[in-house]
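Trainee: The following block contains a protein sequence and its predicted model.
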Amino acid sequence: MSCINCDMCVPECPNEAISMGALHYQVTAELCTECEGFYDKPTCIVVCPIDCIALV
């Protein structure tokens, strides 16, 4: 599925790694730590209502 720009993930990111791209939100890989040291799981994935975030 493709991001629907619901904005659920942005406030959850402790590293401010999620920003608006040309068409949808995107994760800056260099900033993303998969929430290590903050949460048990990547919180953006937990809150995404359509499960469109995948760790690569």
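Mentor: Right, received. Where do you want to start?
Trainee: lowest average confidence, helix or strand, in the chain?
Mentor: strand 25-27 (a mean of 93; mean pLDDT, DSSP states H and E).
Trainee: That strand: what's the following helix or strand?
Mentor: helix 43-47 (DSSP states H and E).
Trainee: tell me which residues of that next one are tucked away?
Mentor: For helix 43-47, the neighbour count (16 or more other CB atoms under 10 Å) marks 43-45 as buried. Just so you know, the C-beta spots here come from the backbone N, C-alpha and C atoms, and that holds for glycine as well.
Trainee: got it, and stretch 11-18?
Mentor: By neighbour count with 16+ other CB under 10 Å, stretch 11-18 contains the buried residues 12-13, 15, 17-18.
Trainee: That stretch: how far from the chain's middle?
Mentor: From the chain centre to the centre of stretch 11-18 is a distance of 7 Å (CA atoms, centre = their mean, to the nearest Å).
Trainee: What mean pLDDT does that stretch get?
Mentor: Average pLDDT, stretch 11-18: 96.
Trainee: For that stretch, which outside residues touch it?
Mentor: Contact with stretch 11-18 is made by 9-10, 25-29, 31-33, 35, 38-39, 43-44, 46-47, as judged by CB atoms under 8 Å, 6 or more residues apart in numbering.
Trainee: swap in stretch 44-56?
Mentor: 1-4, 6, 8-9, 12-13, 18, 27, 34-35, 39, 42.
Trainee: Where does the prediction get shaky in this structure?
Mentor: In the predicted model of the chain, no residue satisfies pLDDT under 70.
Trainee: Which residue lies nearest the spatial centre of it?
Mentor: For the chain, the residue nearest the mean C-alpha position is residue 44 (4.0 Å; CA atoms, centre = their mean).
Trainee: Which residues are in contact with the residue nearest to that residue when sequence neighbours are not counted?
Mentor: Closest residue to residue 44 apart from its sequence neighbours, by CB to CB, 6 or more residues apart in numbering: residue 9 at 3.9 Å. By CB under 8 Å, 6+ apart, the contact set of residue 9 is 18, 25, 43-44, 47-48, 53.
Trainee: Repeat the analysis, applying 10 Å as the threshold.
Mentor: 3, 17-18, 25, 27, 42-49, 52-53 (CB atoms under 10 Å, 6 or more residues apart in numbering).
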